[in-house]
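Peer 1: coords please:
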Amino acid sequence: MGFPLLKLMDMTGPLNFPTDIAMAEVIGQERFQVATMRLVPNDELERTEFEFDNQSFVPFQNPLQLRLLLNGPGAAFLGETIIDAGDAGQGAKNIKFNPAGPGGPFYELTYKVLPAN
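Peer 2: Next up is the predicted model:
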């Protein structure tokens, strides 16, 4: 039996924050880049946005969780989060990366966790 898959759907960010973003999976002390994106202004959302293609999947490396890190230009730290494998089969979810701390501007990832096959 395999591990769950993370399906990346879209990423939004605050206006006037970095728009060239690198996302990495953290396994132990190692970081493995899983996506790079350029967020573009979306007037309707009043935020920047990037939509992933239908082939944007990240495999879980363990059965419980997936740890993701966001960096901006010059490896500027933009946030870190953990996605729980328990989200499998529950539809689209959102998770926030808070580079300015709780209550401040945030990046938001929309994703689905697909069950292990």
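Peer 1: Please tell me the pLDDT value assigned to the residue nearest to residue 72 when sequence neighbours are not counted.
Peer 2: Of all residues not flanking residue 72 in the chain, residue 18 sits nearest, at 3.2 Å (Cβ to Cβ, 6 or more residues apart in numbering). In this view, the C-beta of every residue, glycine as well, is placed from N, C-alpha and C. According to the prediction, residue 18 has pLDDT 94.
Peer 1: same thing with residue 2?
Peer 2: pLDDT at residue 2 comes out at 81.
Peer 1: now do residue 25
Peer 2: Value for residue 25, per-residue pLDDT: 95.
Peer 1: So in terms of bridging, what pairs with the closest residue to residue 51 other than its chain neighbours?
Peer 2: Nearest non-adjacent residue to residue 51, counting by Cβ to Cβ, 6+ apart: residue 10, 4.7 Å away. Taking DSSP bridges as the rule, residue 10 bridges to residue 51, residue 110.
Peer 1: circling back: and the residue nearest to residue 72, how many neighbours?
Peer 2: Residue 18 is flanked by 19 other residues according to other Cβ atoms under 10 Å.
Peer 1: Unless I misread the structure, it falls within a helix.
Peer 2: No - Residue 18 is assigned coil when assessed by DSSP: H, G, I helix; E, B strand; the rest coil, not a helix.
Peer 1: That one touches residue 73, doesn't it?
Peer 2: Yes - counting by Cβ atoms under 8 Å, residue 18 touches residue 73, with 5.7 Å between them.
Peer 1: Pretty sure the residue nearest to residue 51 sits against residue 112.
Peer 2: No - under the criterion of Cβ under 8 Å, residue 10 is not in contact with residue 112, lying 11.3 Å apart.
Peer 1: Nothing else from me, thank you.
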